[in-house]
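**Student:** With the sequence up front, the predicted model follows.
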Amino acid sequence: MKKVFPQDQTNQTLDRFRQGDSEAFASLYQSHWQQVFRFSRLYLRSDDDAEDVVQEVFIRLWQIHERIHPGDNFSGLLFIITRNLIFNRFRRQIDPLGFKVSVLAALEASDDIESEISARDLSEYIDRLVDLMPARQRQVFNMSRREHKSYREIAEELDLSQKTVEAHMREALRFLRDNLAVLLWLALFHDGMTS
């Protein structure tokens with residue numbers, strides 16, 4: 001009797017899903033909806049909003065089912081669809097750095113040891129990026145993101161204008177966003193190559 005490995009089983013399910021098999025779709029939903037829900041809940045204010053995103057993600061998956069192939073990075077595809085839906089629905093309410101830090105938190109909460117190692121690596125990478133910032137920018141960033149102080153509190157404590165604090169944060173977030181985008185792209189590319 002041939003032993004079926006989890007990845008082989010996933011590939012078989014994806015192949016059936018690609019062909020329009022509703023049971024395969026139900027299987028993928030059952031095995032991944034909580035992952036999508038937990039990730040969505042990091043950004044959305046209510047369980048209802050997160051449940052709406054879960055439904056939209058799986059509707060989108062069904063709409064593109066013919067383009068999904070076994071061997072594709074299915075988890076990466078789920079992440080991209082979920083991220084795009086959240087961004088599109090709540091673009092003005094989301095802090096891009098908060099989004100990326102939450103991705104890190106989701107990875108850290110994972111039961112998968114490899115993901116935990118990757119999360120630690122990402123955390124160290126973020127720390128190194130923060131260390132590369134100019135001294136005042138780094139100080140403002142740490143006070144805002146790590147000490148959870150408002151821009152007004154930071155301005156008063158450092159004897160700066162609130163506009164100056166905002167400018168430091170804007171530059172710090174742009175620096176992190178640009179560098180983390182490259183890292184996340186490389187991680188997704190690597191996952192796609194090893195899946």
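**Tutor:** Alright, I've got the coordinates. Numbers count the residues shown, from 1 in each chain.
**Student:** Tell me which helix or strand comes right after the helix or strand Val140 falls within.
**Tutor:** Per DSSP states H and E: Val140 is located in helix 135-141. For helix 135-141, the following helix or strand on the C-terminal side (DSSP H and E) is helix 151-158.
**Student:** Which strands or helices does that next one pack on?
**Tutor:** If you count contacts as 3 or more CB pairs under 8 Å, 6 or more residues apart in numbering; DSSP states H and E, helix 151-158 packs onto helix 135-141, helix 162-194. In this view, the C-beta of every residue, glycine as well, is placed from N, C-alpha and C.
**Student:** And the pLDDT at Lys163?
**Tutor:** At Lys163, the model reports a pLDDT of 96.
**Student:** Phi first, then psi, for Leu160.
**Tutor:** The phi and psi torsions at Leu160 (degrees, to the nearest 10) take the values phi -120, psi 160.
**Student:** Same question for Ile68.
**Tutor:** Main-chain torsions, Ile68, degrees, to the nearest 10: phi -90, psi 130.
**Student:** weakest of the helices and strands packed on helix 151-158 in terms of mean pLDDT?
**Tutor:** helix 162-194 (a mean of 69).
**Student:** Select the helix or strand of the chain having the lowest average pLDDT value.
**Tutor:** When each helix and strand of the chain is scored by mean pLDDT, DSSP states H and E, helix 96-108 comes last, with a mean of 58.
**Student:** any low-confidence regions in this protein?
**Tutor:** Scanning the chain for pLDDT under 70 picks out 1-8, 89-123, 180-195.
**Student:** OK, contacts around the closest residue to Leu132 other than its chain neighbours?
**Tutor:** The shortest distance from Leu132 to any non-neighbouring residue, by CB to CB, 6 or more residues apart in numbering, is to Phe175 (7.9 Å). Each residue near Phe175 by CB atoms under 8 Å, 6 or more residues apart in numbering is listed here: Leu129, Leu132, Met133.
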